[in-house]
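# below are the sequence and a predicted model; questions follow.
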Amino acid sequence: MEALEQAELIPGLGIKGDRYAMGRGAFSKNVPPKIRHISLITQAGIAIANEWLEVSEEPGFSDSETRRNIVLSNIAPAELNQLVGKMFFLGGIACKGTELCIPCQRPSKLANKTNFMAAFEGLGGLRVEILDAGFINIGDALTYAAVISE
């Protein structure tokens, strides 16, 4: 994983140069295919999971070791999880939440650490469909229209 100051988002593909945008991700050949243009996770979710691991004296996971494309601050994991099926904006780029990222063993294997699945249950992030082309930068906000019930 490589940290970028700016990333180009391509509708229908993902981040320009990313393994999934090029069809080379570990799960790119899954049948039926899933929309996984980008994946988001919250900084708060990573912190909660790492606190859980720390209680058992197990090593935590860095942002990059979660294998998610974008780490968001200023949003709670439950708030991100509620965006499944909803439209929102990353910076000025329209996106749609497609499904939760259910934690798997791959981050544990690649980081040579244990318990990613247990620690990140409910905190694994969101898979996202990119609807517009453009660039996002570090610090760009995730915004959405709150649904007001009458």
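Received it, and whenever you're ready, just let me know what you need.

# where does the protein have low pLDDT?
Low-confidence regions of the chain, defined by pLDDT under 70, span residues 1, 19-33, 146-150.

# any idea which helix is longest in it?
helix 43-55 (DSSP state H).

# can you mark which positions in that helix are buried?
Using 16 or more other C-beta atoms under 10 Å as the test for burial, helix 43-55 gives 44-46, 48-50, 52-53. Any C-beta I mention is one placed from the backbone N, CA and C, and that applies to glycine too.

# nearest to residue 34, of these?
Proximity of these to residue 34 (C-beta to C-beta) peaks at residue 45, which lies at 20.4 Å.

# wait, the closest one sits on residue 125?
Yes: using C-beta atoms under 8 Å, residue 45 is in contact with residue 125, at 7.0 Å.

# need the overlap of contacts for the two.
Shared contacts of residue 45 and residue 125, defined by C-beta atoms under 8 Å, 6 or more residues apart in numbering, are found at residue 80.

# please, where are all the strands along this protein?
All strands of the chain, identified by DSSP state E, fall at 6-10, 14-15, 38-42, 70-72, 87-90, 93-100, 126-130, 134-137, 142-143.

# sorry, back to before: pull the residues that contact the longest helix of the chain.
59-61, 63, 66, 71-73, 75-77, 80, 115, 118-120, 123-125.

# what's the answer for stretch 127-136, then?
6-14, 34-40, 70, 87, 90-101.

# how does it look with 7 Å?
Outside stretch 127-136, the residues that touch it by C-beta atoms under 7 Å, 6 or more residues apart in numbering are 6-11, 14, 34-40, 90-99, 101.

# do the same with stretch 58-76
By C-beta under 7 Å, 6+ apart, the residues outside stretch 58-76 that reach it are 1, 15, 18, 38-44, 46, 49-50, 53-54, 80, 101, 106-107, 111, 113-116, 125, 142.

# and it, how far apart are its ends?
24 Å (C-alpha to C-alpha, to the nearest Å).
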